[in-house]
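Visitor: coords please:
(2 chains)
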Amino acid sequence: MTWETFLWTTLGAFLTLCTFSFLYKDNPFYKFAEHLVVGVSAGYFALVLYHQILIPNVFDKIFDGEWWYIIPALLGIMMWTRFSRKYSWISRWPIALYMGIASGMAVPREMHARVIEQMHSAMINIIDMNNIMGNSFFDTASGIAKLIVFIGTLSALFYFFFSKEHKGFFKGISQFGIWILMIGFGASFGYTVMGRISLFVQRIQVMRDWTVVAWADEASGAFAVFWIITFGVFAIWAVFEIRKYLRSKRSTA
Amino acid sequence: MRLKLLFLSCLLLIFICTSAFTQDEAVVADSLETTAETISPAPATSLTAIDKPDDHGHGIDLSWELSADDGGGLMSVMGYMIYRATSPDGSYEARSGLLLNVTAYSDVGAMNEGENDYMPDYTDYYYKVRALTTDSAVFADSEILGPVQSFGQWFNWKRLSVLLLVAGFLFLTVYFIQKAKGGAKLFVRRLAGIEAVDEAIGRATEMGKPILYVLGLGTAADIATIASYTILSRVAKKVAEYQTGLIVPCYDPIVMAIAQETVKTSYMNAGRADAYNEDMVYFVTNQQFAYVAGVNGVMLRDRPATNIYMGKFYAESLILAETGVAAGSIQIAGTDEISQIPFFVVACDYTLIGEELYAASAYLGKEPLLLGSLKAQDYAKACLIFLAIIGFITLMFGYHGIVDFFHVAG
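Guide: Just a heads-up that it's a prediction; the model follows:
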């Protein structure tokens, strides 16, 4: 491991610990990591915007003779009038244009993705009436599963009826709908938590592997000093916090 | 002894015979292979090429009939490749990988000049299909077909059902908006999550602490974000009336600009234009977890009495909601991002599930425009439920018309 790699990975490990310190409570280490990541990402975003959006989609196009790209560029510049109290109303024009186009495009897209596809998936054949005497009349296991999907979809739709009070028949079916939704949410929650834990394990593994490499290196003494400093700072802070806590407890007693 | 000798001799004989036959078979097989490798296979026939229908151009559909030696005859054809040129005797370039057991292929290129694989429209193309064997030197080309041109269509007939449903929904929307404008009372059932908003604003006022409103990670074009503006407008108006603090950290610069306008208008409507401060709505960063870190910091340091999360959320939802719990805030959330709803359900006091978020804006606003569209949504849902039941029943009798109507191929 080179010194350069070591320094960056040490910084990474230190920032990981700073972030984990939030599990205890808000503290200067977390604040430092938070401000660092927010600042760096905002600066990074500005550069990405310039290099990946402005240069290829505006400057290059205009200089290549595609002059009509000046129109969106002008709309973008109009947004800058927000800095002026007198002319800030001009910025509403590009916003209105953007919102109008975006909303118009969203309607058919959502209708396709969220309504039509869902409807197509819900209508499943579970019983073949034309083959009533045949073997495929009703496949018990998959037939029941499909029936649950169909009834579940419809009852969940009933839950999202806002024009009618949930009473009587509506109450029963919409309650079944919300149960179906909650079962789905539960499964989704468990699945995602598993994913998050695997991310955590991955992070711990990265730190462990790096520690092993660092200690096995020739300059292990220097690495040890870094680790001792890192943990030392955390330990001193922890001692201060514990003392503060004990004092506050004594004063309340 | 003799018997043993006889038995061994028989075994030896059987072994020799079987060896000889095996060798013969191998020789026959070898000779067949040699024939197959050296004799060119029959080419693919009946090649057709037409412009790919219902697209934006830059695509051509090809079809052909299998070679006589594919699955029959010499059994030597293992697959096909499509070649294209811009003149009949020009240089042909491969347009596909190895195609196995297929008789159709769509040759689709890029639509923008300068992109790799750019395929200009209204250009003459010539095609041939090459039947390939295991030996790369042995193949057979079909007859050259062309010229054929690609071009875009104005209307995608495969999406006719989308058009019809959107038109139907628009009709319902206009009808109910007119009805609401005419003074008809349109009932909307109680939404607990939204009723809690007023309560939460009151709590914040009593505690003298601000309200944190998070618009999520969506762009200004997302429907969830658009619905969130209406709720923000209502919250900002109440906040202005009660003179409570409001914090709106934004992820997207355009969302921020619209949110600023929304809050400003609400303050003006509440007659408190002087109390509006542009710094209430500010941009944090456009990186997901950096944004979360920033918002978490606000939660812990400013200790808002109420956190409202309305809009599009992704993996950060649980981190935000967990921090809100740790900070002791009342939390109300709403999103149409199905995978994130469970986290809000677990960590927030009230959650608006999916479409409830859209309904919330109508419920709060009580404006004819919003109420009319909400009614239209409900009637559209009723129609869809009816169609789903009819489709389900007819499918059992082998009629696929309704199911096919809801199948959009491209």
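
Visitor: packing partners for the helix or strand where B:E199 lies?
Guide: Assigned by DSSP states H and E, B:E199 falls within helix B:192-207. Contacts defined by 3 or more Cβ pairs under 8 Å, 6 or more residues apart in numbering or on different chains; DSSP states H and E place helix B:192-207 against strand B:211-216, helix B:223-242, strand B:306-312, strand B:330-335, strand B:350-353, helix B:355-365. C-beta here means a position set from N, CA and C on the backbone, and glycine is covered the same way.

Visitor: around B:I353, count how many other residues there are.
Guide: 22 (other Cβ atoms under 10 Å in any protein chain shown).

Visitor: nope, A:P56 is what I meant
Guide: By the criterion of other Cβ under 10 Å, A:P56 has 10 neighbours.

Visitor: and it, helix, strand or coil?
Guide: Following DSSP: H, G, I helix; E, B strand; the rest coil, we place A:P56 in the helix state.

Visitor: how near is it to B:P120?
Guide: Noted for A:P56: a distance of 21 Å to B:P120, by Cβ to Cβ, to the nearest Å.

Visitor: and if you look at A:G177?
Guide: According to Cβ to Cβ, A:G177 and B:P120 sit 52 Å apart.

Visitor: same question for B:R303.
Guide: Note on B:R303: its distance to B:P120, by Cβ to Cβ, is 61 Å.

Visitor: pLDDT below threshold where in the chain?
Guide: In the absence of a named chain, this looks at chain A. A:1-2, A:125-142, A:209-228, A:253 (pLDDT under 70).

Visitor: chain B, not that one
Guide: For chain B, the ranges with pLDDT under 70 are B:1-38, B:365, B:410.

Visitor: can you report phi and psi for the residue in it positioned nearest to chain A?
Guide: Chain A sits closest to B:A221 of chain B, with a gap of 3.1 Å, by Cβ to the nearest Cβ. Note on B:A221: its backbone torsions stand at phi -90, psi -10 [degrees, to the nearest 10].

Visitor: not counting sequence-adjacent ones, nearest residue to it?
Guide: A:A102 (3.1 Å; Cβ to Cβ, 6 or more residues apart in numbering or on different chains).

Visitor: can you tell me the element that neighbour falls in?
Guide: Applying DSSP H and E, one finds A:A102 within helix A:92-110.

Visitor: the helices in chain B, which residues?
Guide: Per DSSP state H, chain B carries helices over the ranges B:2-38, B:160-181, B:192-207, B:223-242, B:253-269, B:288-302, B:317-326, B:341-347, B:355-365, B:368-396, B:401-405.

Visitor: one step back: kindly reformat the helices and strands packed on helix B:192-207 as JSON lines containing distance to chain A.
Guide: JSON lines is the format used below for the helices and strands packed on helix B:192-207 (distance: least, Cβ to the nearest Cβ, whole Å):
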{"stretch": "strand B:211-216", "distance to chain A": "14"}
{"stretch": "helix B:223-242", "distance to chain A": "6"}
{"stretch": "strand B:306-312", "distance to chain A": "12"}
{"stretch": "strand B:330-335", "distance to chain A": "12"}
{"stretch": "strand B:350-353", "distance to chain A": "7"}
{"stretch": "helix B:355-365", "distance to chain A": "5"}
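
Visitor: does B:I201 touch B:T306 like I think?
Guide: Yes. Between B:I201 and B:T306 there is a contact under Cβ atoms under 8 Å: 6.9 Å.

Visitor: what do the two both touch?
Guide: Both B:I201 and B:T306 are contacted by B:I211, under the criterion Cβ atoms under 8 Å, 6 or more residues apart in numbering or on different chains.

Visitor: compute the number of surrounding residues for the residue nearest to B:A221.
Guide: 17.

Visitor: how about the contacts made by it?
Guide: By Cβ under 8 Å, 6+ apart, the contact set of A:A102 is B:T219, B:A220, B:A221.

Visitor: give me the buried subset of these.
Guide: Buried by 16 or more other Cβ atoms under 10 Å in any protein chain shown: B:A220, B:A221, out of the contacts of A:A102.

Visitor: ok, B:A94 - contacts?
Guide: When the contact criterion is Cβ under 8 Å, 6+ apart, the partners of B:A94 are B:M81, B:I82, B:Y83.

Visitor: likewise A:Y98?
Guide: By Cβ under 8 Å, 6+ apart, the contact set of A:Y98 is B:A220, B:A221, B:I254.

Visitor: repeat for B:N116
Guide: Counted by Cβ under 8 Å, 6+ apart, B:N116 has contacts B:A110.

Visitor: could I get the phi/psi values of it?
Guide: Residue torsions, per degrees, to the nearest 10, at B:N116 are phi -60, psi 140.

Visitor: any idea how far it is from B:G109?
Guide: 9 Å.

Visitor: please name the nearest non-neighbouring residue to B:I223.
Guide: Nearest non-adjacent residue to B:I223, counting by Cβ to Cβ, 6+ apart: A:A106, 5.6 Å away.

Visitor: hang on, the earlier thing: which of the contacts of A:A102 sits closest to B:A360?
Guide: Closest approach between the contacts of A:A102 and B:A360, by Cβ to Cβ: B:A220, at 18.5 Å.

Visitor: and the residue nearest to that closest one when sequence neighbours are not counted, how many neighbours?
Guide: Spatial nearest neighbour of B:A220, chain neighbours left out: B:I254 (4.6 Å); criterion: Cβ to Cβ, 6+ apart. Here the count is done by other Cβ under 10 Å, and B:I254 has 18 residues near it.

Visitor: check contacts around B:I254.
Guide: Here B:I254 is in contact with A:I95, A:Y98, B:T219, B:A220 (Cβ under 8 Å, 6+ apart).

Visitor: turn those residues into a markdown table, including distance to B:A380.
Guide: As requested, those are exported to a markdown table (distance: Cβ to Cβ, whole Å):
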| residue | distance to B:A380 |
| --- | --- |
| A:I95 | 29 |
| A:Y98 | 27 |
| B:T219 | 25 |
| B:A220 | 25 |
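
Visitor: of all the residues you listed, which two lie farthest apart?
Guide: So, the contacts of B:I254 by Cβ to Cβ: farthest apart are A:I95 and B:T219, at 12.6 Å.

Visitor: residue ranges of the helices in the stretch 151-253 of chain A, please?
Guide: Taking DSSP state H, counting those that start in this stretch as the criterion, the stretch 151-253 of chain A carries its helices at A:169-216, A:220-252.

Visitor: which stretch among those helices approaches A:W8 most closely?
Guide: helix A:169-216 (10.7 Å).

Visitor: between the closest one and helix A:220-252, how many degrees?
Guide: 130 degrees (axes from the mean of the first three to the mean of the last three Cα atoms, to 10 degrees).

Visitor: helix A:169-216 vs helix B:317-326, what angle?
Guide: Angle, helix A:169-216 to helix B:317-326, by the same axes, to 10 degrees: 90 degrees.

Visitor: and chain B, what are its domain boundaries?
Guide: In terms of domains, chain B is parsed into B:45-148, B:186-366 (source: automatic domain parsing).
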